[in-house]
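Enquirer: just need the structure, nothing else, for what follows:
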Amino acid sequence: MSAKCLDRQGRWRNKTVAFRVSPEEDELLETAVRLSGLTKQDYIIRRLQEKEVVVTGNPRVYKALKNELAKVLNELKRLKKGDDVPKDLLEVIRLITITMNGMKEE
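Expert: Model prediction:
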């Protein structure tokens, strides 16, 4: 039997919430979670409650930034001159920018 999970306020987390997303939405969500340094559960809960997601620089966040920047660079190299940049890629670039600007202020 798995251990009971308490949140920071000492409440039991025994309810399950599930929903479906497209593969593109899933990839964008996974990217945002990696860049935040939070667990997926904590990230989604904070966003649903309209709380600020504060990114604390740590090795996992730096590695995620490095990997995401490499993906963005490869995608930009793949685009031909005059092609429109996909909205999903622009969203990833926006997330990276927000993360980097927040870390610079620390």
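Enquirer: distance between stretch 77-95 and the chain's centre?
Expert: Its chain's C-alpha centre and that of stretch 77-95 lie 18 Å apart, by Cα atoms, centre = their mean, to the nearest Å.
Enquirer: hmm, residue 89 is touching residue 72, no?
Expert: Yes: counting by Cβ atoms under 8 Å, residue 89 touches residue 72, with 6.6 Å between them. (Each C-beta comes from the backbone N, C-alpha and C, glycine too.)
Enquirer: low pLDDT regions in the protein?
Expert: Low-confidence segments of the chain (pLDDT under 70): 1-4, 103-106.
Enquirer: for the residue nearest the centre of it, which non-adjacent residue is closest in space?
Expert: Centroid-nearest residue in the chain: residue 32, 1.2 Å away (criterion: Cα atoms, centre = their mean). Closest residue to residue 32 apart from its sequence neighbours, by Cβ to Cβ, 6 or more residues apart in numbering: residue 95 at 5.7 Å.
Enquirer: tell me how many other residues crowd residue 18.
Expert: 4 (other Cβ atoms under 10 Å).
Enquirer: ok but it is inside a helix, no?
Expert: No: Residue 18 is assigned coil when assessed by DSSP: H, G, I helix; E, B strand; the rest coil, not a helix.
Enquirer: so how far is residue 51 from it?
Expert: 21 Å (Cβ to Cβ, to the nearest Å).
Enquirer: same question for residue 12.
Expert: Taking Cβ to Cβ, one finds residue 12 at 20 Å from residue 51.
Enquirer: do residue 59 as well
Expert: In terms of Cβ to Cβ, residue 59 sits 25 Å off from residue 51.
Enquirer: what helix or strand is the residue nearest to residue 32 located in?
Expert: Counting by DSSP states H and E, the element that carries residue 95 is helix 87-104.
Enquirer: list the buried residues of that helix.
Expert: Neighbour-count burial for helix 87-104 flags 89, 92-93, 95-96, 99 (criterion: 16 or more other Cβ atoms under 10 Å).
Enquirer: same question, stretch 60-68
Expert: 61, 64-65, 68.
Enquirer: go on, stretch 47-64?
Expert: 47, 53, 55, 61, 64.
Enquirer: just the terminal-to-terminal distance for that stretch.
Expert: Its start and end residues considered, stretch 47-64 measures 20 Å (Cα to Cα, to the nearest Å).
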